[in-house]
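Novice: Sequence below, structure please.
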Amino acid sequence: MRRRQLACAIVWCAGVVALLLAAGCDTGVEVSPQPGILRVTLQSDPADTSILIVKDTVNVAEGDSFGVTVYQGKVYNDSAFALLYTTPRTYQQQDVTYNIIKRSAGQYHKFTIYECHVPPFSYDKITFGMTPRILRLGTFEIPVKSPTDVSPFVELHTQFHVEEKGVTEVEVRIRPFRSVRRYRDSYLFVPDVEIVSVKNL
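Specialist: Numbers count the residues shown, from 1 in each chain. Next up, the predicted model:
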């Protein structure tokens, strides 16, 4: 825990120093900028609603589930990074499982997977791990696994800026069924994800 806090503090200080240098500040004492909030949401693609199981095309319905565990989120500027937490009051990274095919009123649910303070800075990449659980569709119950030869970490590249005291929301979309591939007698999970929007709120 102390190592994580120290690492976060180092990244924060590096960001502040870089900002001051970039602004050409040369006074002995400067007021440190206030952090902004980075919010990352995850929602399944509304067009991805069916999967072929053996010879049957099965459509998603309310009550079905596909658990995916999200963990170890980071946001980067080049090689410098800040850790991502699930809420602004959380100071320890957590593994959280979401039902990415949860539906209500015919729509996929949108989850906030990260919402935390980060240095006001420009960023170019977000990463996090995604590990599958059981896929339950109607009468089917299918164990889904991550392939052993593919990293479970997603890398999403985009340029965005977090303003001091502001909120930046990054919307991530996953294609839940296109992420599942049958290989011999197994079903493998290779996340098909993309950033669909970045908003400064």
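Novice: and residue 182, how many neighbours does it have?
Specialist: Number of residues near residue 182 (other CB atoms under 10 Å) recorded here: 13. No exception for glycine: its C-beta is placed from N, CA and C like everyone else's.
Novice: now do the one 3 residues further on
Specialist: Counted with other CB under 10 Å, the neighbours of residue 185 add up to 5.
Novice: likewise residue 119?
Specialist: If you count neighbours by other CB under 10 Å, residue 119 ends up with 26.
Novice: swap in residue 95?
Specialist: Count around residue 95 with other CB under 10 Å applied: 11.
Novice: Apart from its chain neighbours, what residue comes closest to it?
Specialist: residue 71 (4.1 Å; CB to CB, 6 or more residues apart in numbering).
Novice: Now the one you found: phi and psi?
Specialist: When read as degrees, to the nearest 10, the backbone of residue 71 gives phi -160, psi 160.
Novice: Quick check: pLDDT value at it.
Specialist: Residue 71 carries a pLDDT value of 98.
Novice: For it, give its distance to residue 60.
Specialist: Here the criterion is CB to CB, to the nearest Å. By it, residue 71 lies 24 Å from residue 60.
Novice: that older thread, quick one, what contacts the residue nearest to residue 95?
Specialist: For residue 71, the contact set (CB atoms under 8 Å, 6 or more residues apart in numbering) comprises 93, 94, 95, 96, 128, 129, 131.
Novice: For it, which residues count as its bridge partners?
Specialist: In this entry, residue 71 is beta-bridged to residue 129, by DSSP bridges.
Novice: what residues are up against the residue nearest to residue 128 when sequence neighbours are not counted?
Specialist: Once flanking residues are discounted, residue 128 sits nearest to residue 73: 4.0 Å by CB to CB, 6+ apart. With contact set as CB under 8 Å, 6+ apart, residue 73 has these partners: 40, 83, 84, 85, 93, 113, 114, 126, 127, 128.
Novice: If you rank every helix and strand of this protein by mean pLDDT, what lands last?
Specialist: helix 2-22 (a mean of 40; mean pLDDT, DSSP states H and E).
Novice: Tell me the secondary structure at residue 197.
Specialist: Assigned with DSSP: H, G, I helix; E, B strand; the rest coil, residue 197 falls in the strand class.
Novice: that older thread, buried residues in whichever strand or helix holds the residue nearest to residue 128?
Specialist: Residue 73 is part of strand 65-77 when elements are defined by DSSP states H and E. By neighbour count on 16 or more other CB atoms under 10 Å, the buried set for strand 65-77 is 65, 66, 67, 68, 70, 71, 73, 74, 75, 76, 77.
Novice: Neighbouring strands - and their directions - for the next helix-or-strand element following that strand?
Specialist: Per DSSP H and E, the first helix or strand lying C-terminal to strand 65-77 is strand 80-83. Its sheet considered, strand 80-83 pairs with strand 65-77 (antiparallel) by DSSP bridges.
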